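Asks: Need coordinates for the below:
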Amino acid sequence: MAIRHFLSLMDLSREELHSIIERAIELKALRNQGIATEPFRDKVLGMIFEKSSTRTRVSFEAGMAQMGGSALFLSPRDTQLGRGEPIEDSARVISRMVDLVMIRTFGHNVLERFAAHSRVPVINALSDSFHPCQLLADIQTYVEHRGSPAGKVVAWVGDGNNMCNSYINAARLCDFELRIACPEGYEPDEAVLAAAGDRVTVVRNPVEAVRGADWVATDVWASMGQETEQAMRLKAFEGFLVDHELMSHANDRAVFMHCLPAHRGEEVSGDLLEDERISVVWDEAENRLHAQKALMEFLHENSH
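Replies: Numbering: from 1, shown residues only. Below is the predicted model of the structure:
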């Protein structure tokens, strides 16, 4: 059996994605009942961080511990990766010593090169191109609150970034309609968009995207590494704040999501973020833990 990697959502079939989400919900219920599942006893997850993180590190490390395994935190300061050892060499060495690897990095090609030389599953814990682990959590959250997203309308308001690219892939796999509202010059990846066909539309007006939507999502306007563009982006994204006024154009039972950290008053109003009738961001953040546990279990079981 070939090694299964998770570099984008498209590495899964619809059925596989569905089963991972179902398992994540099941693992969450077991944890809430105090029932331990430990399929990873004596197993080790290598966590390579080139970008800093709160939710990613805590969720993977805690998840591995809860499943009876352990996790190694590797930053560029602690490893030869930061000193220029070829990614291919690092992959060949590290993957002989651990059972899974997750990488949070800048260029998506780093993940692809590592995976090509790895003996164990490699998980994309964020790259400049995609953030698929976050989408697992987002889909789980929607299913828990509103049921299947198939046939629903999802609105993305903001930058056509790695999260937006992952929402496009989710639209293909989960069979929902995605409307992206972004300013000119901030569109998602052309190839990712083209592959989705007419399932996804790009508009300039947030109201147009949100009208009648069942699920509205956003993210910060300047991602990590784009801080120098902050002032320029604030100007470009004027009018793209998601607040109660914008949500009033969505369906009555629409939910709001944000992968966090949030800049209150920029891409989302503080009032909306804290309004638990609409905002499900805290469940969404917690679900990173459960969804990733289900993902690691799936990759491990299907790579031997």
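
Asks: Excluding chain neighbours, what is closest to E276?
Replies: Leaving out its chain neighbours, the residue that sits closest to E276 by C-beta to C-beta, 6 or more residues apart in numbering is W282, at 8.0 Å. All C-beta spots, glycine's among them, are computed from the backbone N, C-alpha and C.

Asks: The one you found: how many residues sit nearby?
Replies: A count of nearby residues for W282, using other C-beta atoms under 10 Å, gives 13.

Asks: Equivalent analysis for P206, please.
Replies: 24.

Asks: Distance of it relative to A29?
Replies: 36 Å (C-beta to C-beta, to the nearest Å).

Asks: got it, and A195?
Replies: Applying C-beta to C-beta to A195 and A29 gives a distance of 35 Å.

Asks: So between these two, which is more surrounded?
Replies: A195 (14 against 11).

Asks: Am I right that the more buried one falls within a strand?
Replies: No: according to DSSP: H, G, I helix; E, B strand; the rest coil, the state of A195 is helix, so it is not within a strand.

Asks: Where do the helices of the stretch 101-250 of the chain begin and end?
Replies: 108-116, 132-146, 162-174, 190-196, 206-210, 230-236, 244-247 (DSSP state H, counting those that start in this stretch).

Asks: Take these and lay them out in CSV including distance to R253 and mean pLDDT.
Replies: Formatted as CSV, these follow (distance: least, C-beta to C-beta, whole Å; pLDDT from 0 to 100):
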stretch, distance to R253, mean pLDDT
helix 108-116, 35, 97
helix 132-146, 7, 98
helix 162-174, 18, 98
helix 190-196, 25, 98
helix 206-210, 14, 98
helix 230-236, 31, 92
helix 244-247, 11, 98
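
Asks: can you list the ones you listed in a markdown table and add distance to F49?
Replies: Shown next, in a markdown table, are those (distance: least, C-beta to C-beta, whole Å):
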| stretch | distance to F49 |
| --- | --- |
| helix 108-116 | 12 |
| helix 132-146 | 14 |
| helix 162-174 | 16 |
| helix 190-196 | 25 |
| helix 206-210 | 33 |
| helix 230-236 | 23 |
| helix 244-247 | 34 |
